[in-house]
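S.K.: Dropping a prediction and its sequence here:
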Amino acid sequence: MKKIINRPDDVVDEMLKGLVLSNPDKLSAVFEKRIIYRKDPYLNKVAVISGSGSGHEPDQAFYVGRGMLDAACAGQVFAAPTLDAIVDAAKLVDRGRGVLFLVKNYTGDRANFEMASEMLEFEGGPDVDTVIINDDVAVKDSTFTAGRRGVAGAMFVYKIVGAKSEEEGVNLKSLKTLAMEVNDNVRSMGFALKSCTTPAKGSPTFDLGPDEIELGVGLHGEPGRQRVKFMPADQVIKTITDAVVEDLPYASGDEVAVMVNGLGGTPIGELYISAKIVHEILENKKIKIFKTYVNNFCTSLDMEGCSVSLLRLNEEFKKLLQSPADIPVRYF
Amino acid sequence: MKKIINRPDDVVDEMLKGLVLSNPDKLSAVFEKRIIYRKDPYLNKVAVISGSGSGHEPDQAFYVGRGMLDAACAGQVFAAPTLDAIVDAAKLVDRGRGVLFLVKNYTGDRANFEMASEMLEFEGGPDVDTVIINDDVAVKDSTFTAGRRGVAGAMFVYKIVGAKSEEEGVNLKSLKTLAMEVNDNVRSMGFALKSCTTPAKGSPTFDLGPDEIELGVGLHGEPGRQRVKFMPADQVIKTITDAVVEDLPYASGDEVAVMVNGLGGTPIGELYISAKIVHEILENKKIKIFKTYVNNFCTSLDMEGCSVSLLRLNEEFKKLLQSPADIPVRYF
Amino acid sequence: MANQKDTLIKVIEAASKKLIAAENELTELDSMGDADCGSGVRRGFEAVNGVVGEFAQLEVGDILKKVGFTLAYTIGGTSGAMLGTGFIETGKSIGDKSNPEIADWIKAADSALEVIKRRGGNTRVGDKTLVDALEPAVIAMKKMLDVLQPAEVSEYSSDALLQVMEAAYMAAREGSDRTIDMIARKGRASYVGERSRGNRDPGSLIVVLIFEAALEVLRSYS
Amino acid sequence: MANQKDTLIKVIEAASKKLIAAENELTELDSMGDADCGSGVRRGFEAVNGVVGEFAQLEVGDILKKVGFTLAYTIGGTSGAMLGTGFIETGKSIGDKSNPEIADWIKAADSALEVIKRRGGNTRVGDKTLVDALEPAVIAMKKMLDVLQPAEVSEYSSDALLQVMEAAYMAAREGSDRTIDMIARKGRASYVGERSRGNRDPGSLIVVLIFEAALEVLRSYS
Ligand SMILES: Nc1ncnc2c1ncn2[C@@H]1O[C@H](COP(=O)(O)OP(=O)(O)O)[C@@H](O)[C@H]1O
Ligand SMILES: Nc1ncnc2c1ncn2[C@@H]1O[C@H](COP(=O)(O)OP(=O)(O)O)[C@@H](O)[C@H]1O
Ligand SMILES: [Mg+2]
Ligand SMILES: [Mg+2]
Ligand SMILES: [Mg+2]
Ligand SMILES: [Mg+2]
């Protein structure tokens, strides 16, 4: 394994140090707990927190700032953050109006946020509520299973909810409703050309042959549902985009935001080739594109591949998407 | 070779289509010539153009917009743009105040921009002048050779010159002087963990063993000067940062902008680990950091590795770096 | 024979040793998941080793809670939450009893199991998780308790405990073995559907190793 | 025998064929550079093939310029600029002569060489570029011109031209061979210093193949 790292166990801590050192005007941190939070003083708003394992950069910690998240809890690589960090983060950024947890649907994340919520309730700490994000259409939903995962579409939830939380008079309950509404309108699916290598394991999580691709991969090097023969971009992007469109379904006349999200090891040029294909597919289906996001937004270390997310828009979503967020990565 | 592409020959054209489709409010294009230019109407300013081979995304085309470049000429992967495209781009964006070409120092880029300049002079076209950017300290400068390359430090030149070009009364001559001044104060060096695979060749340009890294690589999969044993991040980042610092040299008391630039296949997390190390090294040397840029700014397809650039600042550079640029990738 | 607190500390130390040594095996087994189970568990039990010195001041129940919080605070992920929950709930159930009876231990394990299942989103036997090892172990302990003579369990007896633990270990081991042929319905491995078959669930191995450690310590007394 | 224009067209077609076929070899040789030389040259000569139909309407000089601009407009990179410059300057020097003398051709090649060297930033023999093949070829042509009887060259003679071309080809070939042991001082291969030794310069092979194509066409007449 060749990576620009020192000891595998220090990867997350050193990365977060680099993030804060590089954004001294925007970010503060409690490094021992891996909490990154907004530096600018703010008052009288519901606080928004997300958190998950690391390895998805620029997820969570990189989206902290006015107009998006108030704090992020980073776990070790691919491991949900610990409950004590979540508890401390909630206390840190609460301004007396309560805290909304935005949590991607993974057992580990849910369990730790749930334990933290119970602890806060027990301690009489800030009011908290949680919205679970589950946009991945690659996983069939069912009450007997862990259900659909949360993947890159979560960025839309962070953005819209974060923007709304800055508006006057918004309370925890209405913010929760908005978060659920965004989640209900977003769907995603991804594929990989190459798995990722975690610093701890040192070799790829799964092996793909030179002419194979993995459809429906998650964000953690979990293998996907199906291994298929390599296809040209036109075909594979159509496969995943169609699956996304049909799931909600998005219909002719809908207006959407598109996200083409690189999984970490794929060059940006290939993401724009993919974006072109998505545009053509949606044009064919008479689905109108309001805004397109193309970049690495929520990655899996060095995994090669990408995901496509769609968000069905209404006027409020559009307004909130457009309002600038003062975050380390200013994509939004 | 597994990439999200269709035919290798179409890679650049499809990517540029995706870029323009994703930024319909900001960009226009002459696709047959691979020219990307600003959509917003502007008057009475010196136009700024850059261009180079593709494969460095988000270089050039992605930096077109108010406050940065007025047009970009994209060549095929790693091949300088053709002179006819450069000629057409200059005519397209000239507003009667002349055109400044910002060209990284490669024989092919220089030759094509030179031929275009001669052609424009012959045709009585717009006034043009050229500044050559050569920030790579890995290549020893000499009049008998092609001289130092231009690498990621070029982004600083685009940014500062582009911002200045929007100010009233700035003319071609003073803009050229500014561009040369920025170039004189910027130095860079990079290293690779893995070479890149061009769509045309389909296999890595050079092979590195599992415990080798290549110091001083360029942006085109050219091998570097020296192959060394793998080192932890602390050591390799120190090696390249020290080489950069000593070259100008940057001295105690200097104020600088730092760029940690991913080469395309390296996860963003590792770039921030690198940024942390650069911060510690410069703090030790009492070099003050004004602003840190960490991302993929100028890549080599899927090459793994990164480069470190420093720019010595004065008050004018600081002001111009800070002013926002309305470009597809809003890092600046 | 040693008192219960010393025994517990020995068990914790033995379990730490086994689980730290199992890092690579757990990582491999988690490769239908996300390959972080081994390093997380190793980190967690290294942290437990770091706080063993504090146990002298604590009662049995608090030692268990301390272990649970240490694991929950350092591992993260599902295993952090589940192991944390397991030890914390066991400790809570033991409460401030300094010499719990066998029945108390079994009741504690049972309540830990219940909270773990709830925490996992109603995890059931057959979902291919650590519950597949833990639930049979708890059932086996209960059964053994019924079989034993009231006299043997009326108060803490290391012999009876050994028999209970042997039953628990065997049941956990067999439960873990059964996960090999299961398709995961919970946890990350569930996303791969049919392809999750063929690998032992790593969490179930953790449970087995903890019971194995306990068993070995108890055996060393007899 | 064929007139010069027809011969030129045949040479261009033959050269296209050779260079398109050499794509992989050129790519491999450019791997101390950036491995784009083969695809660029292939693209360029495919484009030339696409405009061959227009040559019937053009004079010799304009055909050369057309080839040059087509290459410069489609290849990009150094090879696009250099090959473009080469053909354009040759065409400019030939001007509107429809039946140039051998001396005109040699003068044209010489002036193309000069502009290429300037365009490359004062490229010199020994820098490991296409100049290492082209400059010896031009010198050899000049020498052969001196050797030949004035009668033989007083006007266009395919026999004399063949001798000149043979000399040029041999010199280009030898010049290209010499690049194998050189350290690159210009172009991308120069950045790797000592490590550029051992590979033939791809640009020099392009020159060799163009002269080889010309030679083969001329030979087919005799
Ligand atoms: N819903 C669940 N209930 C109980 N245990 C679970 C559940 N989901 C997963 N597990 C256990 O967690 C183990 C994986 O732990 P870990 O690697 O930390 O999880 P993750 O990386 O998915 O967060 C699995 O082997 C399984 O035994
Ligand atoms: N300064 C120069 N003068 C003349 N020819 C050059 C010069 N530099 C490079 N070349 C030629 O260009 C060839 C490479 O062409 P190409 O791959 O298109 O260049 P690049 O990719 O470096 O732009 C080299 O093999 C060499 O013959
Ligand atoms: Mg995990
Ligand atoms: Mg090139
Ligand atoms: Mg796991
Ligand atoms: Mg080349």
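M.R.: Good, I have the coordinates. Ligands and ions are numbered 1, 2, ... in the order given.

S.K.: Only C-alpha atoms from now on, for both contacts and neighbour counts.
M.R.: Fine.

S.K.: In terms of pLDDT, where does residue 141 sit?
M.R.: Here I'm looking at chain A. We have a pLDDT of 69 for A:D141.

S.K.: Chain C was what I was after
M.R.: Here, the pLDDT recorded for C:M141 equals 97.

S.K.: May I have the helix or strand containing it as CSV, with CA atoms only?
M.R.: Here C:M141, judged by DSSP states H and E, is contained in helix C:131-147. Extracted C-alpha coordinates of helix C:131-147, given in CSV (Å, rounded to 0.1, in the frame of the first residue of the first chain):
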residue,chain,number,x,y,z
VAL,C,131,-26.5,-11.8,17.9
ASP,C,132,-26.2,-15.2,16.2
ALA,C,133,-23.5,-16.1,18.7
LEU,C,134,-24.8,-14.1,21.7
GLU,C,135,-28.4,-15.2,21.8
PRO,C,136,-27.7,-19.0,21.7
ALA,C,137,-25.1,-18.4,24.4
VAL,C,138,-27.6,-16.7,26.6
ILE,C,139,-30.2,-19.4,26.0
ALA,C,140,-27.6,-22.1,26.8
MET,C,141,-26.7,-20.4,30.0
LYS,C,142,-30.3,-20.2,31.1
LYS,C,143,-30.8,-23.9,30.3
MET,C,144,-27.7,-24.9,32.2
LEU,C,145,-29.0,-22.9,35.2
ASP,C,146,-32.2,-25.0,35.1
VAL,C,147,-30.2,-28.2,35.0
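
S.K.: Indicate whether it makes contact with chain A.
M.R.: No - applying Cα under 8 Å from any Cα of the partner chain, one finds helix C:131-147 separated from chain A by no less than 13.9 Å.

S.K.: starting at the chain centroid, how far to that helix?
M.R.: Centroid separation for helix C:131-147 versus its chain: 12 Å, with Cα atoms, centre = their mean, to the nearest Å.

S.K.: Same check on stretch C:147-162?
M.R.: On Cα atoms, centre = their mean, the centre of stretch C:147-162 falls 21 Å from the chain's centre.

S.K.: And that stretch, end to end?
M.R.: 14 Å (Cα to Cα, to the nearest Å).

S.K.: Please name the residues that touch C:A171.
M.R.: The neighbours of C:A171, taking Cα atoms under 8 Å, 6 or more residues apart in numbering or on different chains as the test, are C:133, C:136-137, C:140.

S.K.: can you rerun that using 6 Å?
M.R.: If a contact means Cα atoms under 6 Å, 6 or more residues apart in numbering or on different chains, then C:A171 has C:136-137 as its contacts.

S.K.: ok, now C:G50?
M.R.: Per Cα under 6 Å, 6+ apart, neighbours of C:G50: none.

S.K.: C:A151: neighbouring residues, count only.
M.R.: Residues near C:A151, counting by other Cα atoms under 10 Å in any protein chain shown, number 8.

S.K.: The nearest residue to A:L43 once chain neighbours are set aside and A:L16, how far apart?
M.R.: Distances taken as Cα to Cα, 6 or more residues apart in numbering or on different chains place A:R95 nearest to A:L43, at 6.2 Å, with adjacent residues excluded. According to Cα to Cα, A:R95 stands 24 Å off from A:L16.

S.K.: secondary structure class for the residue in chain C positioned nearest to ligand 4?
M.R.: Here the residue of chain C nearest ligand 4 is C:D34; by Cα to the ion that distance is 39.9 Å. In three-state terms, and counting by DSSP: H, G, I helix; E, B strand; the rest coil, C:D34 is coil.

S.K.: about what we covered before: of A:R95 and A:L16, who's got more company?
M.R.: Counted by other Cα under 10 Å, A:R95 and A:L16 do not tie: A:L16 has more neighbours, with 24 against 16.

S.K.: what sits against the more buried one?
M.R.: With contacts defined as Cα under 6 Å, 6+ apart, A:L16 is in contact with no residue.

S.K.: Put the alpha carbons of the helix or strand hosting it into PDB.
M.R.: In this structure, A:L16 is located in helix A:11-22 according to DSSP H and E. Written as PDB, here are the backbone C-alpha positions of helix A:11-22 (Å, rounded to 0.1, in the frame of the first residue of the first chain):
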ATOM      1  CA  VAL A  11      -4.600   9.200   9.300                       C
ATOM      2  CA  VAL A  12      -7.900  10.800  10.500                       C
ATOM      3  CA  ASP A  13      -6.300  13.000  13.200                       C
ATOM      4  CA  GLU A  14      -3.600  14.400  10.900                       C
ATOM      5  CA  MET A  15      -6.100  15.100   8.200                       C
ATOM      6  CA  LEU A  16      -8.400  17.000  10.500                       C
ATOM      7  CA  LYS A  17      -5.400  19.000  11.800                       C
ATOM      8  CA  GLY A  18      -4.600  19.900   8.200                       C
ATOM      9  CA  LEU A  19      -8.200  20.900   7.500                       C
ATOM     10  CA  VAL A  20      -8.300  23.300  10.500                       C
ATOM     11  CA  LEU A  21      -4.800  24.700   9.800                       C
ATOM     12  CA  SER A  22      -5.900  25.400   6.300                       C
END
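
S.K.: quick one on the thing from earlier: number of residues surrounding the residue of chain C closest to ligand 4?
M.R.: A total of 26 residues lie near C:D34 under the criterion other Cα under 10 Å.

S.K.: How about A:G169?
M.R.: A:G169 is flanked by 12 other residues according to other Cα under 10 Å.

S.K.: Looks to me like it is in a strand.
M.R.: No - read with three-state DSSP, A:G169 is coil and lies in no strand.

S.K.: which one is it nearest to, not counting chain neighbours?
M.R.: Nearest one to A:G169, counting by Cα to Cα, 6+ apart, is A:K45 at 7.8 Å.

S.K.: residue contacts, residue 76?
M.R.: In the absence of a named chain, chain A is used. A:53-54.

S.K.: The intended chain is chain C.
M.R.: C:G76 makes contact with A:79-82, according to Cα under 6 Å, 6+ apart.

S.K.: Quick check: which helices or strands does the helix or strand harbouring A:V157 pack against?
M.R.: Element membership for A:V157 (DSSP H and E) is helix A:154-165. Other elements packing on helix A:154-165 under the criterion 3 or more Cα pairs under 6 Å, 6 or more residues apart in numbering or on different chains; DSSP states H and E are helix A:315-322.

S.K.: rerun that using 8 Å as the cut-off
M.R.: Judged by 3 or more Cα pairs under 8 Å, 6 or more residues apart in numbering or on different chains; DSSP states H and E, the packing partners of helix A:154-165 are strand A:47-54, helix A:172-184, helix A:315-322.

S.K.: now, of the ones you listed, which is deepest in the fold?
M.R.: Highest mean neighbour count of the helices and strands packed on helix A:154-165: strand A:47-54, a mean of 28 (counted as mean count of other Cα atoms under 10 Å in any protein chain shown).

S.K.: What are the contacting residues of the helix or strand of chain C with the lowest mean pLDDT?
M.R.: Ranking every helix and strand in chain C by mean pLDDT, DSSP states H and E puts helix C:150-153 at the bottom, with a mean of 71. Contact partners of helix C:150-153, identified using Cα under 8 Å, 6+ apart, comprise C:101-103, C:145, C:160.

S.K.: Great, nothing more from me.
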